[in-house]
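>>> Have a look; sequence and predicted model below, questions after that.
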Amino acid sequence: MATKTIPILTLEGARLALAGAEARAKEIGVPMNIAIVDSACHLLAFARMEGAKLTSINIAIDKAFTAAGHRAPTSVYKENVWPGGPAFGIWNSNGGRFTTIAGGVPIVEGGVVVGAIGCSTGMPSQDEDVALRGVEAFEKGGKGALKAKL
């Protein structure tokens, strides 16, 4: 019987992504709520920077949830969710947690989505920029960012 090894996002890996996103948010001067979820869409790490919008806490978490669960950045839905679009009404799925606002980005290792990062407080383009920097920091993180599961 063959076994399959799949990568699992560790807390250390989540912290790398969180630190990278936080650094970018500071660079652009926009405090963020930053959420990291694992591949099962469960919250692994979260930070609310001083000055980040309180109403954006759940939005950041839901952006990460959506990106991990659908294995795609939340920004891909922009043109499809308008009335008459092929995904119109999708935000009502998953108990209203599905988010179509840019700022949720999957974290991928070896072609496998191991989690996602969601950022919220700025404009959608700023949120996505910060999330992408978090993913970059994870990718550069190296040893300890992942563990294997059989």
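Good, I have the coordinates. Numbering: from 1, shown residues only.
>>> Next, V114: secondary structure please.
Here V114 is recorded as strand under DSSP: H, G, I helix; E, B strand; the rest coil.
>>> OK, contacts around it?
Neighbouring residues of V114 by Cβ atoms under 8 Å, 6 or more residues apart in numbering: P7, I8, L9, G13, D38, S39, I107, V108, L146. Every C-beta, even on glycine, is put in place using the N, C-alpha and C of the backbone.
>>> Redo those residues as CSV? Include secondary structure.
Below are these laid out as CSV (three-state DSSP):
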residue, secondary structure
P7, strand
I8, strand
L9, strand
G13, helix
D38, strand
S39, coil
I107, strand
V108, strand
L146, strand
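>>> okay, these in CSV with distance to E139 and pLDDT next?
Below are those laid out as CSV (distance: Cβ to Cβ, whole Å; pLDDT from 0 to 100):
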residue, distance to E139, pLDDT
P7, 12, 88
I8, 16, 90
L9, 12, 94
G13, 10, 94
D38, 17, 96
S39, 16, 95
I107, 8, 97
V108, 9, 94
L146, 11, 70
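>>> May I ask you to confirm that I90 is in contact with V81?
Yes: with contact defined as Cβ atoms under 8 Å, I90 and V81 form a contacting pair (6.2 Å).
>>> Which neighbours do these two have in common?
Common neighbours of I90 and V81 (Cβ under 8 Å, 6+ apart) are T100.
>>> Put together TSV for the contacts of V114, with distance to A23 and neighbour count on each row.
Shown next, in TSV, are the contacts of V114 (distance: Cβ to Cβ, whole Å; neighbours: other Cβ atoms under 10 Å):
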residue	distance to A23	neighbour count
P7	24	21
I8	25	17
L9	19	26
G13	16	28
D38	22	22
S39	24	21
I107	17	30
V108	21	16
L146	21	22
